[in-house]
Each structure stands twice: as C-alpha cells, then as structure tokens.
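Peer 1: Quick one, what's the 3D model for this:
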Amino acid sequence: MGLSVSRGGPSAGPPQAGPPSPPGGPFAVRRERGVILPHWPGWRNLPREARDTLFQLGVIGWTVLPHLVRLPLWCSVMVGTILLWRLRLALANAPLPSRWIVALVLVLAAALTWSGERTLLGKEAGVMMLVVLMSLKTLELRARRDAMVVFFLGFFLVWTHFLYSQSLAMALATLLSVWGLLTALVLAHMPVGRPPLRRAAAVAAKGALYGLPLMVALFVLFPRIAPLWGLPQDAIGRTGLSGTLRMGGVAEIANDDSIAMRIRFFGRPPTPETLYFRGPVLSAFDGREWSRSAPRFVSAAGAATEVQVRGAPVRYEVTLEPSRIALLPLLERTPVRADSAPSIPAVEVVQRPDLQWQTGRPITERVRFEAQAWPSFRHGPRVPAIGLRDLVSLPPGYNPRTLAWAAELKRQSRLADADARALADAVLAHIRSGEFSYTLAPGPYGRDAVDEFWFDRKLGFCEHFAASFVVVMRALDVPARIVTGYQGTDPIPLDGYYAVRQSNAHAWAEYWQPGEGWLRADPTAAVAPDRIQRSLSLRPPPNFVEQAIGSVSPQLLARLRSAWESIDNSWNQRVLSYSRGQQFKLLQDLGFEAPNWLDLAYLLIMLLCGASIAGAAWALWDRHRQDPWQRLQRQVQARLQALGVAVQPHDGPGMRARRVRGTLGAEGEALAAALETLERARYGPGGRPRVDRAWWPAFQAAAERAAAGTRARSLPPTPEAAA
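Peer 2: Sure thing, here's the model as predicted:
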C-alpha cells in the first residue's frame with residue numbers, strides 16, 4: 001500500500017484507458033544483466049497510488065538530505081537503501097515486507113546508534129533514530145493511520161534541522177519540505193479520482209497562507225526565553241578562534257570563508273590597518289602549543305588605570321555569530337567605560353587585564369550589541385613588574401638554533417644596549433629581507449617548528465610569523481606574547497555592514513617596552529603588507545563550482561556571493577536578531593509605558609482569542625457554502641427525478657447514465673451521453689475539478705428533449721394517427 005492509503009469508491013468511474021502496457025501489465029519487471037528492474041511506464045501513466053508514493057518518497061529524501069552530511073556513514077547508507085527499496089516496491093507493485101524484517105532493521109539501527117553514541121537519547125542519537133524511523137515507516141503503510149504517522153514524523157524532522165543551522169538557506173530548504181509534506185497530506189484527503197499534484201500543491205499553499213498571520217503574531221510576541229531560543233551548546237559552529245594555538249591552527253580557520261561577525265560603524269570607518277579585533281591572548285608556551293594564562297603583573301581592578309586612549313573614538317555595532325569560546329573579539333581598544341563597554345542581556349561581560357573581553361558563558365546564539373573603541377591607545381605597566389618575567393620564559397630543549405641566533409643578534413655591537421623597540425625592529429628587518437613566504441598551506445612542521453620555519457622552509461601563515469617573533473623576542477630577554485583575533489573586513493559593506501570572516505582570522509605579537517607598556521608588532525605585515533593594509537586575505541583553492549563560474553565571468557562569483565550575503569544579512573538582522581528588547585520596544589510603540597512579560601502575554605492572548613473568534617465565524621459561514629460539484633450533483637439528481645428516473649445521492653454520473661437508459665430508453669440516449677461526458681471530464685485523464693460551464697445548458701436541453709419524447713409517447717393516439 002502506498003502513502004496515499006485509500007483510492008477509488010463508488011464514484012470513481014470506470015478504469016481509464018491509457019497507452020498500451022508491456023506484457024505482464026504496466027509494472028512488469030525486466031531483466032538487465034541479471035538485475036530485475038521494474039518497467040517505467042512514464043509519470044503520467046503511473047497509477048494514482050504509485051504516483052503519490054513516489055512523490056512522498058521524494059519529499060522524504062529532500063527532508064532527510066541535510067542531515068546525511070552530519071550522520072555516520074552507516075546511517076546514510078541504511079536510509080538511502082530503505083528509500084530505494086521502497087521506490088522499487090512502488091514501481092513493481094510488489095507487497096510490502098513483513099513486520100519482522102522492519103523490526104530487525106530497527107534493532108540493527110538502534111545497536112549501531114548505541115555503539116557510536118553510547119546512548120539512544122540526546123540530540124545526535126535522537127536525530128539518527130528519527131531519520132531511520134522515518135524511512136522504515138514507509139515500509140509498513142497499511143492504513144491511513146500509518147500515513148499520518150509518516151507525515152507528522154516528517155514535520156518533526158523538519159524542526160530538527162534548526163538544531164544545527166538557522167540560516168536563510170536552511171529556512172528555504174525546510175519551507176520546501178513543509179510544502180511537500182502538506183501537499184502529500186492534502187493528497188491523502190483526496191481519495192477520489194486522480195487529482196493533479198499541481199492542484200494539491202495549490203491547496204497546501206493556500207492553507208499555509210491562511211496560517212501565516214498567526215505565525216507572524218507568534219514570532220513577534222512569543223517570549224524570547226534563552227533555553228528555547230538559543231542553540232544548544234553542542235550545536236555551536238566548530239570553526240573559529242580557540243584558547244590555544246599550534247602551528248597551522250589559524251590557517252585551518254582561514255580556510256573557512258564563513259562570516260564570524262558583521263560590523264557597522266557609526267560615522268567614518270577606520271582604515272584597514274587599524275582594524276584589529278582582539279581575541280585570546282596566548283602567553284604560556286610548552287614547546288608545541290600556546291595557551292592562555294592569567295597575567296600576574298597587574299590586577300584586574302587596576303587594569304583600567306594601565307590604559308590610556310588617544311584621538312577620536314570609533315563607535316560601532318557588532319552582530320556576532322555563535323562561537324565556541326566565552327570571549328568577544330572587539331576592536332582594539334574598547335575600554336571599560338559606561339559609554340564604551342558592550343552590554344548583552346543575560347550575559348556577564350568583563351575585561352581581563354590583558355584586554356580580552358570575557359563572557360560568563362560561550363555565546364550560543366547570534367547576539368547584537370554596540371561598543372566604542374580608540375584605535376590609538378597605550379596599555380600595560382610602564383615599569384618592570386614581577387609578572388613580566390613569566391613572559392620571557394621558554395621551555396628547555398626546544399628550538400636551539402633559534403635561541404643561538406637570538407644570542408648572536410644580541411652580541412652585535414649596534415644592539416648591545418638596544419631597547420625592546422630596537423630589537424623588535426631588527427627582528428622584523430630580518431623577516432622582511434630573509435626570503436620568507438606567506439602561504440595558507442605551508443605543510444606540517446616537526447618538533448622544533450620555529451627552528452624549521454626560521455632557517456629551513458621559511459613558509460608560513462600568520463601564526464608561524466607571530467610565534468617565531470615571540471620566541472625570538474623572549475630569547476632576547478624581552479617580554480612578549482601572541483594575540484589572536486581577526487584583522488580587517490570585507491572592503492565593501494553590504495547594507496552598511498562590513499563582514500568579518502573566519503578567513504580574516506589573524507595572529508600578531510605584543511612586546512613590552514619600558515616606559516610605554518605593550519606595543520603591537522605584526523610580523524605578517526613585514527612579508528605580506530597587503531594582508532594588513534588592504535585586508536587581502538589568502539583564499540583557499542576554489543572548488544569545482546567556483547572554477548566553473550569563474551571561467552564564465554571572473555566577477556560573477558563575487559557578485560553572486562555579495563547578493564546572497566546581503567539577503568542573508570537582512571535575514572540575520574530582521575529575523576534571527578529579533579530579541580526581547582525589540583519586543584518591548586514594539587510594546588512601547590503600541591502605548592505601553594513600561595512594558596514587561598505580563599503585557600506581552602496579555603497582548604498575545606488577546607490576539608489568539610481574536611483569531612479564534614474570527615476562525616469560528618469563518619467556519620460558521622463556510623457551513624452554508626456548497627461545493628460546486630456537490631451542488632451540480634444535486635441539480636442533476638432533481639432534474640432526473642423530475643423525469644421519473646430513480647437515482648440516489650451517492651450515484652456517480654456513470655451510474656446515473658445507466659439508470660437513464662434503463663428508464664427512458666431511446667428518448668434518454670442524449671441525456672445519458674451528457675452524463676458520460678461529465679464522468680470523463682471529472683474522472684478521466686486530465687480530469688478537472690470544475691466542469692465546463694457549457695455542460696449544464698447542454699444537459700438541460702437534452703433533458704427537455706427527453707421529457708418531450710416521454711410526453712409524446714404517453715399521449716393517446718389521435719384519430720388521424722389511428723386511421
């Protein structure tokens with residue numbers, strides 16, 4: 001039995017003629033190279049049940065598709081096999097498998113899920129089981145109830161996609177899935193005849209549009225409660241900054257061209273070389289990995305007194321994508337001031353002594369906030385402090401050639417009494433003239449990565465240059481550390497927003513200069529100045545689609561991406577970033593002086609009650625409406641009964657034509673032919689829900705002729721006729 005579970009009925013009419021079928025019927029099987037394949041009679045010639053089943057399998061496949069890239073290989077193979085199996089059964093008109101086979105497959109899926117996830121609950125395990133159950137249910141559709149289960153499993157599966165992504169592309173994909181499921185649901189409630197898919201899809205779209213006002217009201221007024229509205233923590237994107245750094249780590253992030261955040265400047269934007277968005281500050285080094293540590297040279301309470309800002313401030317707005325660390329990458333330098341510090345509802349935000357903006361928890365949902373920064377600033381202790389000695393230590397036994405090179409540099413007469421700034425300039429000059437190359441794919445490095453980079457290969461990304469610079473400066477007895485974050489933005493704003501991508505991920509260095517504090521040094525600028533001055537990030541090699549589009553028009557791909565990101569930004573700003581603050585602002589615009597959750601609830605309840613009353617009134621009015629087909633059937637019945645033909649309300653046009661011939665004989669032949677024409681127009685190939693308007697006048701004329709013939713036959717013969 002297919003997904004549309006009941007077909008035919010007394011008014012379904014006679015079987016429709018079609019193109020000749022192959023020997024053995026329209027679903028006869030054929031052999032090709034030993035493989036039994038069902039015959040394909042063509043989409044228009046498929047029986048109703050097979051057509052509806054294939055349509056529903058296509059909708060299920062589309063709904064499951066986004067999950068397949070996240071599910072284990074065994075799950076994807078199992079689901080694909082089951083759906084192809086069900087496709088073959090539908091084409092071959094073969095019986096469904098026994099429940100024992102379905103149960104064994106389900107047990108196997110549960111065992112494989114348990115072996116991989118160690119649970120049958122939770123998000124990942126739950127999605128796996130839901131996808132498998134969805135596909136298995138198509139193998140046991142034996143009643144209308146089973147079809148309803150498939151439909152509503154599909155609606156629930158659509159919802160699970162938003163546990164992983166709430167992007168515009170995902171919303172459009174799920175919208176298509178919902179439309180397909182609604183169309184299949186409409187088909188299941190149209191058991192008579194062969195309604196076209198186009199008609200069922202139109203009914204589904206019309207029903208969805210009826211519910212659109214209620215959906216908008218719920219979106220606008222439903223309370224934004226964090227556990228319901230934010231993504232679960234394990235759904236956070238896996239790319240982005242982290243609290244540690246190994247050689248090659250930032251290059252992996254830079255291969256991702258997705259957007260990390262969007263920036264809107266209130267006023268003239270800063271120049272690209274000043275756009276440093278400060279992320280994790282890495283001070284501890286074990287020879288292989290850099291990590292964060294708490295600075296001991298100044299207390300958190302006294303950090304503000306160690307910062308001096310100069311020049312005009314830059315006010316900006318940030319729309320930050322979900323991240324996996326509890327940190328805000330803000331523009332250097334955003335101070336702790338009431339008019340400058342960021343504020344996020346329900347999130348604690350503090351600044352560490354090393355100027356990192358720390359949050360109380362990872363940002364698991366898209367947030368938007370404003371801040372103010374001074375690109376020209378000075379920070380850090382001005383005189384030596386105990387904690388600074390922690391930032392000159394290096395692990396013993398690592399990078400001996402680099403340490404020897406630094407000692408030789410320090411012995412040069414011109415640098416014997418040099419301060420930290422002069423030493424940094426000398427190291428940067430060596431990078432500038434040392435034939436180093438800036439590349440996104442330098443390849444893996446060994447145990448003494450700095451030695452290998454500094455002397456042998458000289459190929460690296462920003463973290464190679466920053467890490468090597470810090471190691472050399474520490475070897476010169478200068479406190480130094482690595483700062484990671486983002487540098488630069490897209491050069492052209494979209495809708496006023498500059499995109500900061502993961503490909504803008506960057507690493508630079510800071511060293512301590514007595515009397516001034518911490519000074520920024522970006523070794524990448526010494527070898528790739530366009531990366532800093534013009535925000536020209538390295539790009540990974542294009543994929544096949546990008547190469548194909550680029551071969552047609554080199555600028556087409558950039559224009560297409562800009563157009564899509566503009567639309568996506570509007571989606572993010574107007575839909576995904578719609579927050580509690582905007583809800584309360586809406587209430588203020590409606591006249592509420594000090595809106596709160598209670599006012600929001602009252603307004604939502606009033607709207608729902610109003611919608612319920614309106615729906616009840618519409619249903620009451622709709623009861624008095626008549627379906628055009630039913631109205632026509634009643635008119636036909638009344639006209640035939642007036643002619644003395646005994647017909648029942650449930651008789652179809654074909655049955656009524658036979659009753660007319662049996663009652664009226666030759667006088668009713670034209671009337672019976674008109675009824676058979678109605679039968680073909682309604683239930684034949686290409687049948688239409690509405691009958692041609694010319695049919696009723698023709699039927700009336702045939703009825704008048706039949707009535708006249710009946711009256712003439714019933715009159716006694718005249719004398720002339722008798723003679």
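
Peer 1: Glu370 belongs to a strand, doesn't it?
Peer 2: Yes. Assessed by DSSP: H, G, I helix; E, B strand; the rest coil, Glu370 belongs to a strand.

Peer 1: beta partners of it?
Peer 2: Beta-bridge partners recorded for Glu370 (DSSP bridges): Glu317.

Peer 1: Hmm, it is touching Arg315, no?
Peer 2: Yes. Contact between Glu370 and Arg315 holds when scored by CB atoms under 8 Å: they sit 6.9 Å apart. Glycine gets a C-beta too; all of them are placed from N, C-alpha and C.

Peer 1: what are the bridge partners for Leu330, then?
Peer 2: Beta-bridge partners of Leu330, counted by DSSP bridges, are Arg278.

Peer 1: Domain map for the protein?
Peer 2: Annotated domains of the chain cover 29-221, 244-292+309-544, 555-622, 628-722 [automatic domain parsing].

Peer 1: Quickly compare these and say which is most buried.
Peer 2: domain 244-292+309-544 (a mean of 18; mean count of other CB atoms under 10 Å).

Peer 1: who does the helix or strand encompassing Gly126 touch, helix- and strand-wise?
Peer 2: Per DSSP states H and E: Gly126 is located in helix 122-137. The contact analysis (3 or more CB pairs under 8 Å, 6 or more residues apart in numbering; DSSP states H and E) places helix 122-137 against helix 48-68, helix 73-92, helix 99-117, helix 144-160.

Peer 1: Relative to Ser376, which of these is closest?
Peer 2: helix 48-68 (46.9 Å; CB to CB).

Peer 1: what about this structure, any weak spots by pLDDT?
Peer 2: For the chain, the stretches flagged by pLDDT under 70 are 1-43, 225-240, 248-255, 295-305, 535-554, 557, 622-626, 687, 689, 713-723.

Peer 1: Need the residue closest to the centroid of it.
Peer 2: The structure's the chain has its C-alpha centroid closest to Met170; by CA atoms, centre = their mean the separation is 2.5 Å.

Peer 1: That one reaches Thr160, doesn't it?
Peer 2: No. The pair Met170 / Thr160 is not scored as a contact, 11.2 Å apart, by CB under 8 Å.

Peer 1: Minimum distance to Met129: which of the helices and strands packed on helix 122-137 has it?
Peer 2: With CB to CB as the criterion, Met129 lies closest to helix 99-117 of those, at 6.0 Å.

Peer 1: and Val309, what element?
Peer 2: strand 307-310.

Peer 1: who does that strand pair up with?
Peer 2: Assessed with DSSP bridges, strand 307-310 is paired to strand 376-379 (antiparallel).

Peer 1: ok, and what's touching the partner strand?
Peer 2: Contact with strand 376-379 is made by 306-311, 332-333, 335, 355, 516-518, as judged by CB atoms under 8 Å, 6 or more residues apart in numbering.

Peer 1: Which single one of these is nearest to Ser76?
Peer 2: For the contacts of strand 376-379, the nearest to Ser76 is Glu332 (45.1 Å; CB to CB).

Peer 1: so who does the closest one touch?
Peer 2: So, once contact is read as CB under 8 Å, 6+ apart, Glu332 ends up touching 276-278, 355, 373, 375, 377, 520.

Peer 1: any chance of those residues in CSV, with distance to Arg634 too?
Peer 2: CSV is the format used below for those (distance: CB to CB, whole Å):
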residue, distance to Arg634
Tyr276, 79
Phe277, 74
Arg278, 78
Leu355, 82
Ala373, 77
Pro375, 81
Phe377, 85
Arg520, 86
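
Peer 1: Among those, find me the one that's closest to Arg501.
Peer 2: Nearest to Arg501 among the contacts of Glu332, with distances taken as CB to CB, is Phe277, at 11.6 Å.

Peer 1: is it true that that closest one touches Leu330?
Peer 2: Yes. Counting by CB under 8 Å, Phe277 does reach Leu330; the two are 6.4 Å apart.

Peer 1: Phi, psi for Ile344 please.
Peer 2: phi -120, psi 130 (degrees, to the nearest 10).

Peer 1: from the chain's centre, how far out does stretch 173-189 sit?
Peer 2: 19 Å (CA atoms, centre = their mean, to the nearest Å).

Peer 1: Equivalent analysis for stretch 63-83, please.
Peer 2: With CA atoms, centre = their mean, you get 17 Å for stretch 63-83.

Peer 1: Contacts for that stretch next, please.
Peer 2: For stretch 63-83, the external contacting residues (CB under 8 Å, 6+ apart) are 57, 60-61, 105, 109, 112-113, 116, 127-128, 131-132, 134-136, 138-139, 154, 157-158, 160-161, 164-165, 170, 173-174, 177, 180-181.

Peer 1: returning to what we had before: and the helix holding Gly126 with helix 99-117, angle?
Peer 2: 160 degrees (axes from the mean of the first three to the mean of the last three CA atoms, to 10 degrees).

Peer 1: quick one: contacts of helix 122-137?
Peer 2: Helix 122-137 is contacted from outside by 60, 63-64, 67, 70-72, 75, 78-79, 82-83, 86, 102, 105-106, 109-110, 113-114, 117, 119-120, 146, 149-150, 153-154, 156-157, 160, 163, 232, 234-235, using CB under 8 Å, 6+ apart.

Peer 1: helices and strands around the longest helix seen in the chain, which ones?
Peer 2: As assigned by DSSP state H, the longest helix anywhere in the chain is helix 597-623. Packed against helix 597-623 by the contact rule (3+ CB pairs under 8 Å, 6+ apart) you find helix 197-221, helix 580-589.

Peer 1: These: which one's closest to Leu388?
Peer 2: So among the helices and strands packed on helix 597-623, helix 580-589 is nearest, using CB to CB, at 42.6 Å.

Peer 1: what angle do the closest one and helix 197-221 make?
Peer 2: Compare the direction of helix 580-589 with that of helix 197-221 by the same axes, to 10 degrees and you get 80 degrees.

Peer 1: then helix 580-589 to CSV, C-alphas only?
Peer 2: The C-alpha coordinates for helix 580-589 follow below in CSV (Å, rounded to 0.1, in the frame of the first residue of the first chain):
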residue,chain,number,x,y,z
ARG,A,580,13.3,40.7,23.8
GLY,A,581,14.5,44.4,23.6
GLN,A,582,12.8,44.7,20.2
GLN,A,583,9.6,43.1,21.6
PHE,A,584,9.5,45.6,24.4
LYS,A,585,10.2,48.5,22.0
LEU,A,586,7.2,47.3,19.9
LEU,A,587,5.0,47.4,23.1
GLN,A,588,6.2,50.9,23.8
ASP,A,589,5.2,52.0,20.3
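
Peer 1: quick check, distance from it to the centre of its chain.
Peer 2: Worked out by CA atoms, centre = their mean, helix 580-589 lies 27 Å from the chain centre.

Peer 1: same check, this time on stretch 160-168
Peer 2: 4 Å.

Peer 1: So what touches it?
Peer 2: 66-67, 70, 123, 126-127, 130, 170, 173-174, 231-232, 235, 567-568, 571, 576.

Peer 1: mind checking the end-to-end distance for that stretch?
Peer 2: Using CA to CA, to the nearest Å, one end of stretch 160-168 lies 15 Å from the other.

Peer 1: Leu89 contacts Leu54, doesn't it?
Peer 2: No. Assessed by CB under 8 Å, Leu89 is found out of contact with Leu54, at 10.9 Å.
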